[in-house]
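Student: Any chance you could fold what I've pasted below:
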Amino acid sequence: MLKNNNQTELVKFISNLKNKIINEKYEITRKEAIFLSKIPNNDMETLNILFEAANQIREKFCGENFDLCTIINAKSGKCSENCKYCAQSIHFKTAVNVYGLIPKETALCEAKRNENEGAHRFSLVTSGRGFNGNEKELNDLVEIYEFIREHTDKLSLCASHGICTKEALQKLANAGISMYHHNLETSRRFYPNVCTSHTYDDRINTIKNAKAIGLNVCSGGIFGLGETIEDRIDMAFDLKELKVNSVPINILTPIPGTPFENNEALEPLEILKTISIYRFIMPKTHLRYAGGRIKLGKYVKTGLKCGINSALTGNFLTTTGTTIEKDKNMITELGYKI
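Tutor: Numbers count the residues shown, from 1 in each chain. From the prediction side, this is the model:
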């Protein structure tokens, strides 16, 4: 626990910083974010004040609307990249299912089901570095997206297909997608500990390519790769600079056979503290629960009141998610509008 005088100082700092963001549209500095990160994980009194402050920032800039997105693993396994958390990498021996691009009828069936259950967005996700000149796969995906757009009503289409050129992204945009997903995963400093088959700048350039042709961008990362909270904060500032629209927050689910299979789990309150700081850094951005939130256990609802205002729902890629109906019930119970 903090000593009383230090705790009082920190509580005052949180309140003043929150008020500056809300009333003066102030932009938090890295130094201030790092200062917030020093709140001990066992100091529930101060953490709750931080959580409530983050929630007030969310209410001010984002309101009560809540966004639900869904995905389908449209091509699985045999990925050339060596991201150490991923079951789909060809470099690791895992139990992941391996299959090629799914038929358009299968994709539409899943899209319609998710639309009927109340999802706002639907995305195809494919394993692999990107298209790398594979025009056939790109054209097949364009056909699938056009087919889904033709046979759904209000479902927004997103895409996640790795490192991409402007030309490939433009074809996807012409087919009907409105948002491209491409995570930074972690900070620039820590990234070489996660992947060496492509660079942090490769990921940033894909985000810039998507923004350049007018697509919205969904980009976040994974907590629990072995990074520090300072790494998470640095990633947040990079995402802010890139002006991404949605930040998916994943919590590592260690997968047997991957180099990170024995990573130590983060404390739930460490995760919630980070989410709250993200809301201070990015007041207007969708902060999205994504894979691994089950790791929060009893604190899942707390996250919905410390900055989160969107979620990936349903089944995920290689880990288990939750049902759309269950998420809708939890979200509306907490006062959000879907």
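Student: For the stretch 1-150 of the chain, which segments are assigned as helices?
Tutor: Ranges of helices within the stretch 1-150 of the chain are 4-24, 30-37, 44-62, 104-116, 135-151, based on DSSP state H, counting those that start in this stretch.
Student: check contacts around residue 273.
Tutor: The contact partners of residue 273, by Cβ atoms under 8 Å, 6 or more residues apart in numbering, come to 36-37, 39, 41, 47, 50, 229. Using the backbone N, CA and C atoms, a C-beta is placed for each residue, glycine as well.
Student: same thing with residue 205?
Tutor: For residue 205, the contact set (Cβ under 8 Å, 6+ apart) comprises residue 163.
Student: That one belongs to a helix, doesn't it?
Tutor: Yes - in this structure, residue 205 lies within a helix as judged by DSSP: H, G, I helix; E, B strand; the rest coil.
Student: Could I get the buried residue list for stretch 17-27?
Tutor: Buried residues in stretch 17-27, counted by 16 or more other Cβ atoms under 10 Å: 17-18, 21-22, 26.
Student: Looking at the contacts of residue 273, spot the one nearest residue 110.
Tutor: The nearest member of the contacts of residue 273 to residue 110, counting by Cβ to Cβ, is residue 229 at 36.4 Å.
Student: neighbours around the nearest residue to residue 161 once chain neighbours are set aside, how many?
Tutor: Residue nearest to residue 161 in three dimensions, not counting chain neighbours: residue 126, with 5.1 Å by Cβ to Cβ, 6 or more residues apart in numbering. Here the number of neighbours of residue 126 (other Cβ atoms under 10 Å) works out to 22.
Student: One more: residue 283?
Tutor: A count of neighbours around residue 283, defined by other Cβ under 10 Å, yields 21.
Student: hang on, it is in a strand, isn't it?
Tutor: No - remark: residue 283 does not belong to a strand; assigned using three-state DSSP, it is coil.
Student: Please report the distance of it from residue 55.
Tutor: Distance from residue 283 to residue 55, counting by Cβ to Cβ, to the nearest Å: 12 Å.
Student: can you give me the strands for the stretch 51-200 of the chain?
Tutor: For the stretch 51-200 of the chain, the strands defined by DSSP state E, counting those that start in this stretch cover 67-75, 121-126, 156-160, 177-181.
Student: Run me through the strand neighbours of the last one, direction for each.
Tutor: Each strand paired with strand 177-181, and its direction, by DSSP bridges: strand 156-160 (parallel), strand 216-218 (parallel).
Student: try the second one
Tutor: The strands that strand 121-126 pairs with in its sheet are strand 67-75 (parallel), strand 156-160 (parallel) (by DSSP bridges).
Student: could you check the angle helix 135-151 makes with it?
Tutor: 160 degrees (axes from the mean of the first three to the mean of the last three Cα atoms, to 10 degrees).
Student: try the last one
Tutor: Here the directions of strand 177-181 and helix 135-151 differ by 130 degrees (the same axes, to 10 degrees).
Student: residues making contact with strand 177-181?
Tutor: For strand 177-181, contacts defined as Cβ under 8 Å, 6+ apart pick out 121, 123, 125, 145, 156-160, 164, 169, 172, 206-207, 210, 215-219, 245-246, 248.
Student: Between the buried residues of stretch 17-27, which sits nearest residue 75?
Tutor: For these, the nearest to residue 75 is residue 21 (41.4 Å; Cβ to Cβ).
Student: just the buried members of the contacts of strand 177-181?
Tutor: Applying 16+ other Cβ under 10 Å to the contacts of strand 177-181 flags 121, 123, 125, 145, 156-160, 164, 169, 172, 206-207, 210, 215-219, 246, 248 as buried.
Student: so what's the spatially most central residue of the chain bridging to?
Tutor: Nearest to the geometric centre of the chain sits residue 248, at 1.1 Å (Cα atoms, centre = their mean). Assessed by DSSP bridges, residue 248 has beta-bridge partners residue 288.
Student: before we move on, the earlier item: sort out which of the contacts of residue 273 are buried, if you could.
Tutor: The neighbour count (16+ other Cβ under 10 Å) marks 36-37, 39, 47, 50, 229 as buried among these.
Student: Among those residues, which one sits closest to residue 80?
Tutor: Closest to residue 80, out of all of the buried ones among the contacts of residue 273 and judged by Cβ to Cβ, is residue 229, at 31.5 Å.
Student: Give the burial count for the closest residue to residue 65 other than its chain neighbours, as a bare number.
Tutor: Counting by Cβ to Cβ, 6+ apart, residue 337 is the residue found nearest to residue 65 once chain neighbours are left out, at 5.4 Å. The number of residues packed near residue 337 is 9, by other Cβ under 10 Å.
Student: Go ahead and confirm residue 337 touches residue 66.
Tutor: Yes - taking contacts as Cβ atoms under 8 Å, residue 337 lies within contact range of residue 66: 6.6 Å.
Student: ok, back up a step: want to throw the strands paired with strand 177-181 into JSON lines with distance to residue 194 and mean pLDDT?
Tutor: JSON lines is the format used below for the strands paired with strand 177-181 (distance: least, Cβ to Cβ, whole Å; pLDDT from 0 to 100):
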{"stretch": "strand 156-160", "distance to residue 194": "18", "mean pLDDT": "96"}
{"stretch": "strand 216-218", "distance to residue 194": "19", "mean pLDDT": "98"}
